[in-house]
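**Student:** Predicted model, plus sequence, below.
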Amino acid sequence: MAIRQRLAQPGTSGRVQARRPVRCVRLNVSAGGKVYIDPVKNECAAFAPATVANLGPGFDWMGCAVQGGGDTVVAKVIPGKPGVVEIAAIEGDGGRLSLDPAKNCIGVAATETLKLVGAVSCGVSLTLNKGLPLGSGMGSSAASAAAAAWAVNGLFGAPVPKDKLILAGLASEAAVSGYHADNVGPSLLGGFVLIRSCKPGEPVELLQLPFPNPERLHFVLVNPKFEAPTAQMRAVLPKETPMKSMINNCCQGGALVAGILTGDVKLVGESLDRDVIIEPVRAPLIPGMMAVKEAAKAAGAYGCTISGAGPTAVAIVDDPAVGARVAEAMSAAFRNAGKLDVNTAQVVKLDPEGAKFV
C-alpha cells in the first residue's frame, strides 16, 4: 500500500500525516519570558543518497533513492547566534560552490530547517563533503540539501519528521534548480516517491511506493565526463506536446507505477525506456546518449533512459552480473559514440532509508 503524505506549506491550510517517534527537545526560557529551543548536541553529521528522478515518463513526478554515492554535511552549534547559518567549508566541489549560505543549497536548507524547528537559541555552522559530481543527473543539489536539513534537525533531537523537512529541501531546490521534489523527496525519505502535487504556495502531496523484493532490482548508472546543468536541460523542453505523445507517456507512467508496486523489474525497465516527450529533446544534448541506450538493451537491460536532467544514463536489470555487462557496454558507447570519458560506472540497489545520521 502506498503511504500518503500531505505537507502544508507555511501559511496555508493542510495537514501532515506521519508517525513521529518520541524525541527530546530542550527548552530555554530567557529573562524576557521568550522560550528558545536549545540543541541537544554540539555536532551532528548526516548523509543523503543519490537519486534517479523522472525515470522516463515520470518527469517531475517520480524519483527514487539509490545506494552508493551521496553527500555528507556536518552541522555544528554556534552559541549565542540564534538562527544564524554559516558555511565553514566545502570539500569535493573543486572550489565552484559559494560559501554564502543564501546562495548555496545547504545554507538555504539549513535556514528553512531552523524555521521548522522553531525559535532556536543558537546558530549553525556547516561543512559539506560533496560525494556527487555537480550537474550529474543524480540529484547532487538535492542530496546536499537533504543532508543539511537532516544534520541541522539532528542537532535539536530531530523534532521535525522527514516528510515535513521536504519543505526545507524544496526551498533549497527552488534557489538552485527549480521547485520540484522528485530528487529531494526520495533523498530524504528513501525508496520510490511519487510527487502527486508540488506547487509553490500549495500543500505538497507525496506517495511513497513500496517495491516488493527490492533485492531483485538493480540500477546501472554510468556518469560520463560531461556536465548537464538542470536549467539548461529544462530550457529545451517543449511548451506543447501532441495528444498521441501525451497518451503514450500517461500509459507508460501508469505501467511504471504498476511495475513498482508489483515488484516487476522488467515492467519498470520497459516503461522507463518509452518516454517520447522529454528524452527525445534532451538526449541530443548528451553526446552518445542514444547509442548508450541501445547498447544497454543489447547487453541485457530491460530499459535505459536519462537519469534526471543527465548526463548520467540509468538502465534497469534484475541480475548484478548482467548489470556489470550492461555497464561495460554503456561506458563503451559513451566513449565511442559520444567521445566522452566516463567518471563512474556502477551497479547499485534501491536505497530504502534516505537521509541518515553518520
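**Tutor:** Nice, thanks for sending it over.

**Student:** Going by C-alpha atoms from here, please, whenever you check contacts or count neighbours.
**Tutor:** Noted.

**Student:** any idea how far T127 lies from V160?
**Tutor:** Computed with C-alpha to C-alpha, to the nearest Å, the distance linking T127 and V160 is 21 Å.

**Student:** What are the boundaries of the strands in the stretch 151-300 of the chain?
**Tutor:** Applying DSSP state E, counting those that start in this stretch to the stretch 151-300 of the chain gives strands spanning 192-197, 204-209, 218-224.

**Student:** Just to check, D100 is in contact with A89?
**Tutor:** No. Look at D100 against A89 with C-alpha atoms under 8 Å: they stay out of range, at 10.6 Å.

**Student:** As TSV, the strands of the stretch 151-300 of the chain with mean neighbour count and distance to L165 would be great.
**Tutor:** Putting the strands of the stretch 151-300 of the chain into TSV (neighbours: other C-alpha atoms under 10 Å; distance: least, C-alpha to C-alpha, whole Å) gives the following:
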stretch	mean neighbour count	distance to L165
strand 192-197	22	15
strand 204-209	22	11
strand 218-224	26	27
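
**Student:** Please produce CSV containing the ones you listed, extended by mean pLDDT and distance to L116.
**Tutor:** Listed next are these as CSV, based on pLDDT from 0 to 100; distance: least, C-alpha to C-alpha, whole Å:
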stretch, mean pLDDT, distance to L116
strand 192-197, 96, 21
strand 204-209, 95, 16
strand 218-224, 98, 34
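
**Student:** quick one, which of these is nearest to A171?
**Tutor:** strand 204-209 (12.2 Å; C-alpha to C-alpha).

**Student:** With only the CA atoms kept, save that closest one in PDB.
**Tutor:** The C-alpha coordinates for strand 204-209 follow below in PDB (Å, rounded to 0.1, in the frame of the first residue of the first chain):
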ATOM      1  CA  VAL A 204       2.900  19.200  -1.200                       C
ATOM      2  CA  GLU A 205       1.500  15.700  -1.500                       C
ATOM      3  CA  LEU A 206       3.800  12.700  -1.800                       C
ATOM      4  CA  LEU A 207       3.200   8.900  -2.200                       C
ATOM      5  CA  GLN A 208       5.800   6.500  -1.000                       C
ATOM      6  CA  LEU A 209       5.600   3.400  -3.200                       C
END
